[in-house]
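Engineer: Need a 3D model of the following:
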Amino acid sequence: MSKDKKPQENTILDIAEALKLSPATISRALNNHPHVKEKTKNDILKMAAQLGYRRNQMASGLRSNKTNTVGLIVPRISMFFHAEVITTIQNSLHKHGYNLIICQSNDLLSMEQELAEILYSSRVDALIVACTLQTTDFSHFDRLVDSGIPVIFYDRVPLSPYNATFIKGDDFRGGYLATTHLIETGCKRIAHISGKLSSNLYQDRTAGYRKAMEQHKLPINEDWVFHQELTHENAREAMSRMFEGEQVPDGLFSANDVSAIAALEFAKENGIAVPDTLKMIGYSNDPRTSIISPSLSTIEQHPDLVGKKIVEVLMDLLKNGHESEAVKAKPYVIPVDLIRRMSS
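Structural biologist: Sure thing, here's the model as predicted:
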């Protein structure tokens, strides 16, 4: 055989010939049809394995207009919240007979646009998306929506109405809970490190912060409110600016745990006692927050509940289409909870 020539793959016809059964019976067994006897099905699966048969999922999808695959686009798989959501979604979808194609946009709009097209071309049955922080135009999802493919946005969702389902955390309440907690522990000069306001997450968390400060009639020093990319370096820079003058904050609410951990690191290096001089709280309940010293107060987002709700809604959409209650529903909002630790 020529080195350039690939060996021919076995088909259901080869399995049928080996077992002296009809190709139709082989096809039904491989598709787990209930009318095929269990012994026959097991014999077919065993022979398929022996012959190295590999099912052509794409061809099956073309025939049935269903691939039993769901696409998922997340900013970064390494982010704790999204990693937990992914695990829950994959485990739940598997129970329903669906496979999950996981893609990461690296928080780049151009990559997100490319992935949306790739997943559309791959004929996914549905798409789940947590958008990039730069996404303000969602037209790259139009082809899926116009084709009747269910699209669910979660966590980072469009700020304007869009013909898709939204599942998000109660970020306004999370910001409100975090700030109110600092106030109740005695803080009066509370700083806030947040993300860019192009994202619903940081609009809502900042709005919760401002509402709590207003309700308790506490002034907001706008020089201590930062809207920036929530990186380790930016958080340290923000802390440096906050503590360069005579008046300094006595409380800090960071809109994610990465920035809160960086701020705590800066405080320890610069002799700022936490929680005696500065009380701090983050957001997301990253596992690191419970093992650093002092342990970091935070807001629990319940990623497992987010993942379960996504699959619950998705199964309804796939089963009932435009008649689904999810189509008519307002955004699904997942509750959040305050976790108090030693930093406050």
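Engineer: Return the helix or strand in this structure with minimum mean pLDDT.
Structural biologist: helix 57-64 (a mean of 50; mean pLDDT, DSSP states H and E).
Engineer: what comes up buried for the very next helix or strand once past that one?
Structural biologist: Next helix or strand after helix 57-64 toward the C-terminus (DSSP states H and E): strand 69-74. With burial defined by 16 or more other CB atoms under 10 Å, the residues of strand 69-74 counted as buried are 69-74. C-beta: built from backbone N, CA, C; applies to glycine.
Engineer: Report the two of those residues separated the most.
Structural biologist: Thr69 and Val74 (16.2 Å; CB to CB).
Engineer: sorry, back to before: want to throw the buried residues of strand 69-74 into a markdown table with distance to Asp142 and pLDDT?
Structural biologist: Listed next are these as a markdown table, based on distance: CB to CB, whole Å; pLDDT from 0 to 100:
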| residue | distance to Asp142 | pLDDT |
| --- | --- | --- |
| Thr69 | 21 | 95 |
| Val70 | 19 | 97 |
| Gly71 | 15 | 97 |
| Leu72 | 19 | 98 |
| Ile73 | 15 | 98 |
| Val74 | 21 | 98 |
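Engineer: need those in a markdown table with distance to Tyr120, can you?
Structural biologist: Output for the buried residues of strand 69-74, formatted as a markdown table (distance: CB to CB, whole Å):
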| residue | distance to Tyr120 |
| --- | --- |
| Thr69 | 12 |
| Val70 | 13 |
| Gly71 | 8 |
| Leu72 | 14 |
| Ile73 | 12 |
| Val74 | 17 |
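Engineer: what's the burial count for the closest residue to Glu265 other than its chain neighbours?
Structural biologist: The shortest distance from Glu265 to any non-neighbouring residue, by CB to CB, 6 or more residues apart in numbering, is to Arg236 (7.4 Å). Using other CB atoms under 10 Å, Arg236 has 16 other residues around it.
Engineer: same thing with Asp304?
Structural biologist: Asp304 has 15 nearby residues by other CB under 10 Å.
Engineer: and if you look at Leu45?
Structural biologist: 15.
Engineer: any weak-confidence spans in the protein?
Structural biologist: 1-9, 55-65, 322-329 (pLDDT under 70).
Engineer: all helices of the stretch 51-200 of the chain, in order?
Structural biologist: In the stretch 51-200 of the chain, the helices defined using DSSP state H, counting those that start in this stretch lie at 57-64, 80-95, 109-121, 142-146, 171-184, 200-215.
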